[in-house]
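*Asks:* after the sequence you'll find the predicted model.
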Amino acid sequence: MHSHTPAESVHALDVDSLRGDGVTFWSAWSGDALAGCGALQQIDPAHGEIKSMRTADAFRGQGVASLVLVHLLDAARSRGYRRVSLETGSNSPFAPARRLYERHGFTYGEPFADYEPDPWSVFMSLDLA
């Protein structure tokens, strides 16, 4: 994140935050190799946020991100969330992430929760109702 975005515009959770209340973190493995990860953070009882989606370099282009995202969306539905949102980068290194979310039905919108408008960020949401 920090190699593509100014520090003040990086919204990734650190390890301590990923262990916090209201956050659940999952990892995907191929044997002993970490393939990817993602987290789901509760904003309120009906709204969750996708956080910290990553695919390990060795696994890019192999569908890991889609598998993790589908798992996060299934978890959101099982929690009764009616909507999930996310923040991702607006610049070109994040184009594959934006395309992934678009393929899964996410649409672009305004900042949510505590986010402020930021030229380095785009905000996307998916209605689960």
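*Replies:* Yes, it's here.
*Asks:* mind telling me what element residue 102 is part of?
*Replies:* Secondary structure assignment for residue 102, by DSSP states H and E: helix 95-103.
*Asks:* in its sheet, which strands sit next to the helix or strand that that helix is followed by, and in what direction?
*Replies:* Reading on from helix 95-103 to the C-terminus, the next helix or strand found by DSSP H and E is strand 107-109. Strand pairing for strand 107-109, using DSSP bridges, gives strand 121-127 (antiparallel).
*Asks:* ok, and what's touching the partner strand?
*Replies:* With C-beta atoms under 8 Å, 6 or more residues apart in numbering as the test, strand 121-127 has contacts from 9, 11, 73, 82-90, 94, 98, 101, 104-112, 115. From N, CA and C alone the C-beta is placed, and that goes for glycine too.
*Asks:* buried ones only from the residues you listed, please, as a ChimeraX command.
*Replies:* Entered in ChimeraX, the line below selects the buried ones among the contacts of strand 121-127, by 16 or more other C-beta atoms under 10 Å:
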select :9,11,73,83,84,85,86,87,88,89,90,94,98,101,106,112
